[in-house]
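# need the 3D shape of this:
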Amino acid sequence: MVVISVILVLLGLAAGNYQRSILRSKEAALKQNLFTMRQAIQQYTLDKLQAPQSLEDLVAAGYLREIPKDPITGQRDWRVEYDDAFLSPDQLATGISDVHSNSDKISPFEGTPYSSW
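So this is what the prediction gives:
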């Protein structure tokens, strides 16, 4: 009986560690997706002298192969920000300036909402 109790306690600890490691990997994937899309937005804006009007513009122009899924929500439901700022003096039109997760959850590791990343 004692052996079974010890095994159950160890299994409980292992399951908790497994869930935390999965969440950490989702957060790492989110950070990488945001970095890649932000770079694509910036490069598109500098190359075309206008900011993209949608994330689909980045795919159509070949800056992204596809719009990645948000690992937290599991959807391609990114929240985009539009800004009137110009990246260069030659830029002709404004559009998307940043992208964020659409999740309303808060990271248990960093204590900040995913939508603020």
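
# how far does the helix or strand hosting L23 sit from its chain's centre?
Using DSSP states H and E, L23 falls within helix 2-48. Helix 2-48 sits 11 Å away from the centroid of its parent chain (C-alpha atoms, centre = their mean, to the nearest Å).

# same check, this time on stretch 81-95
22 Å.

# tell me the buried residues in that stretch?
Counting neighbours by 16 or more other C-beta atoms under 10 Å, one finds that the buried residues in stretch 81-95 are F86, L87, Q91, T94, G95. No exception for glycine: its C-beta is placed from N, CA and C like everyone else's.

# what does it contact?
With contacts defined as C-beta atoms under 8 Å, 6 or more residues apart in numbering, stretch 81-95 is touched by 42, 45-46, 49-53, 96-100.

# and if we set it to 10 Å?
41-46, 48-54, 57, 80, 96-100 (C-beta atoms under 10 Å, 6 or more residues apart in numbering).

# and S5, how far is that from A14?
15 Å (C-beta to C-beta, to the nearest Å).

# skip the chain neighbours and tell me the closest residue to the residue nearest the centre of the chain.
Nearest to the geometric centre of the chain sits L30, at 3.5 Å (C-alpha atoms, centre = their mean). Nearest residue to L30, sequence neighbours excluded (C-beta to C-beta, 6 or more residues apart in numbering): P71, at 5.1 Å.

# same check, this time on E56
I67 (7.1 Å).

# which residues touch that neighbour?
When contacts are counted by C-beta under 10 Å, 6+ apart, I67 touches N33, M37, S54, L55, E56, L58, V59, R76, D77, W78, V99.

# just the ones of the residues you listed in helices?
Of those, the ones assigned to helices by DSSP state H are N33, M37, L55, E56, L58, V59.

# neighbour count added to the contacts of I67, as TSV?
Below are the contacts of I67 laid out as TSV (neighbours: other C-beta atoms under 10 Å):
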residue	neighbour count
N33	18
M37	22
S54	12
L55	21
E56	12
L58	22
V59	15
R76	12
D77	12
W78	19
V99	22
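
# out of the residues you listed, flag the one nearest to P108.
Ranked by distance to P108 (C-beta to C-beta), the contacts of I67 are led by N33 at 19.5 Å.

# would you mind measuring from that closest one to H100?
Separation of N33 from H100 (C-beta to C-beta) stands at 11 Å.
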